[in-house]
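> just coords:
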């Protein structure tokens, strides 16, 4: 369906692909992996025809339709969310809006060329019906519900939405378009668990071929059956899900390491013979033949090891046994009551994950605990000897845009050595020249990583984290989970990443579940919660 043959691509000195090959077959669900900057977005753009390879050929069938979801929000305003989603959904969307315009023209007796309009209406209606257009509005609503929208939003102005919600509208356009191929760049980034689970089911059932990147390991495991890895200019294919790829890659690395070590030992032995007998006339012929043989040996390359810097976080000071006490808390926005007589007692060493649909009040709770928002009623008290660290997307605004990444840390920790700070940045995937980037030039993901690094360098004993994994790649996420497993403080966090939830939560607070009127406090791990309730998110059945 889509193939790369001997494709090479570079930007200046940065080589992304060297004679790379791969093939995408009809109906395949494929994950695209590789470190940041390896060329994943460039590969998507070459398939879309937005960029050309320097050498080699990218082949696509002539009538192939492509839907591309990317991490950029289109300008949207002036029409309902439903209309915006339908309008962007390819040919069907165009026909839908042309039909609406033609119906309007036909209802006006003064329309010129009425016969031509009528004839055009017949043609458009026939194609629209043939493509399944009359189910389009129902499908669009179902898709928007799946992505977390409520009726009031669906019928409201798209311009009133935040960037994250507009991103979901962009995704709905792609999902509604009946495209032959879906290219999806980090589709789970702005979704809660419920929407992720819905998207999982949708992508598995849709007949389209799928190529996607994702930093959500569970999502990849459940959706893809093949993995393409961009690795040092090459594209390597693995037939299986993400876990299979990870095991297979490790096995390949181990085999290559062993083959490299064997060959190095053999080469060293030959080299010793040559050096020992190079001055012996009697052995001259043998020495020459061994030199020639050495020149002909095809060298085994050492495996390209993905360097993940381990970081041992300092042990925070011990807090009192009572960390946070919420009593009789009430909070409402307009007529929407989020909390009424809510009580929660967080004790030292507990790691509470907060779950619930969008709008259930997860971020509001974290803000009240962190002191960034006052409750309308009741009290929020923090315990003794407490040092609180609060991470949210707003924390990114506290960085100084004029400083470089390294300068920001030097300003924050003036007594620390350069080596220690570089090592910390390495653990959060800032390596080489990355540390000299100006903060104003960083992506949202890079800023998130920098804020997290600053917070955890001198860790608080109470971490309040709102979507900490949103922009972290798999390697950084796994490093963070490993580091926080040994964290001796207390945690309250919101996350839609199931690997993070499973790895860290030992208490679950579920807000606004359908089976009960108020919040549910579950006194066990996230894994136990899923086992006991049979669902991975409130109201979503496994």
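Nice, I can see it. Predicted, not measured: the structure shown is a model, and the values here were computed from it.
> in three-state terms, label residue 109 for me.
The three-state assignment at residue 109 reads coil, by DSSP: H, G, I helix; E, B strand; the rest coil.
> next one: residue 409
helix.
> thought residue 345 was touching residue 322?
Yes - in this structure, residue 345 is within contact of residue 322 by CB atoms under 8 Å, at 7.2 Å. Quick note: C-beta positions are derived from backbone N, CA and C, even for glycine.
> who has more neighbours out of those two?
For residue 345 against residue 322, the residue with the higher neighbour count under other CB atoms under 10 Å is residue 322, and the figures read 15 against 12.
> OK, contacts around that one?
Residue 322 makes contact with 345, 346, 347, 348, 383, 384 under the criterion CB atoms under 8 Å, 6 or more residues apart in numbering.
> so residue 509: helix, strand or coil?
Secondary structure of residue 509, per three-state DSSP, is strand.
> and for residue 402?
Put simply, residue 402 is coil when judged by three-state DSSP.
> please report how far the residue minimising distance to the centre of the chain lies from residue 499.
Residue closest to the mean C-alpha point of the chain, counted by CA atoms, centre = their mean, is residue 215 at 3.9 Å. Distance, residue 215 to residue 499, by CB to CB, to the nearest Å: 10 Å.
> joint contacts of those two?
In contact with both residue 215 and residue 499: residue 477, using CB under 8 Å, 6+ apart.
> one step back: wait, what's in contact with the residue nearest to the centre of the chain?
Contact criterion CB under 8 Å, 6+ apart gives 186, 188, 189, 469, 471, 472, 473, 474, 477 as the residues in contact with residue 215.
> try 7 Å
Contacts for residue 215 (CB atoms under 7 Å, 6 or more residues apart in numbering) come out as 186, 472, 473, 474, 477.
> isn't there a helix covering it?
No - assignment of residue 215 by three-state DSSP gives coil, placing it outside any helix.
> could I get the contacts of residue 215 as CSV with secondary structure, neighbour count and pLDDT?
Conversion of those to CSV gives the following (DSSP: H, G, I helix; E, B strand; the rest coil; neighbours: other CB atoms under 10 Å; pLDDT from 0 to 100):
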residue, secondary structure, neighbour count, pLDDT
186, coil, 21, 90
472, coil, 21, 78
473, coil, 19, 77
474, helix, 19, 81
477, helix, 21, 84
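> would you mind measuring from residue 152 to residue 195?
Between residue 152 and residue 195 the distance, using CB to CB, works out to 17 Å.
> who has more neighbours, the two?
When residue 152 and residue 195 are compared for neighbours, residue 195 comes out ahead with 24 against 8, by other CB under 10 Å.
> next, residue 238: phi, psi?
When quoted as degrees, to the nearest 10, the phi and psi of residue 238 stand at phi -120, psi 130.
> next up, the contacts around it.
Contact criterion CB under 7 Å, 6+ apart gives 226, 227, 229, 244, 245, 248 as the residues in contact with residue 238.
> same question, residue 218
If a contact means CB under 7 Å, 6+ apart, then residue 218 has 498, 499 as its contacts.
> still on that earlier bit, JSON lines for the contacts of residue 322, including distance to residue 141, secondary structure and pLDDT?
What follows is the contacts of residue 322, written out as JSON lines (distance: CB to CB, whole Å; DSSP: H, G, I helix; E, B strand; the rest coil; pLDDT from 0 to 100):
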{"residue": "345", "distance to residue 141": "41", "secondary structure": "strand", "pLDDT": "96"}
{"residue": "346", "distance to residue 141": "40", "secondary structure": "strand", "pLDDT": "95"}
{"residue": "347", "distance to residue 141": "44", "secondary structure": "strand", "pLDDT": "95"}
{"residue": "348", "distance to residue 141": "47", "secondary structure": "coil", "pLDDT": "94"}
{"residue": "383", "distance to residue 141": "47", "secondary structure": "coil", "pLDDT": "92"}
{"residue": "384", "distance to residue 141": "52", "secondary structure": "coil", "pLDDT": "90"}
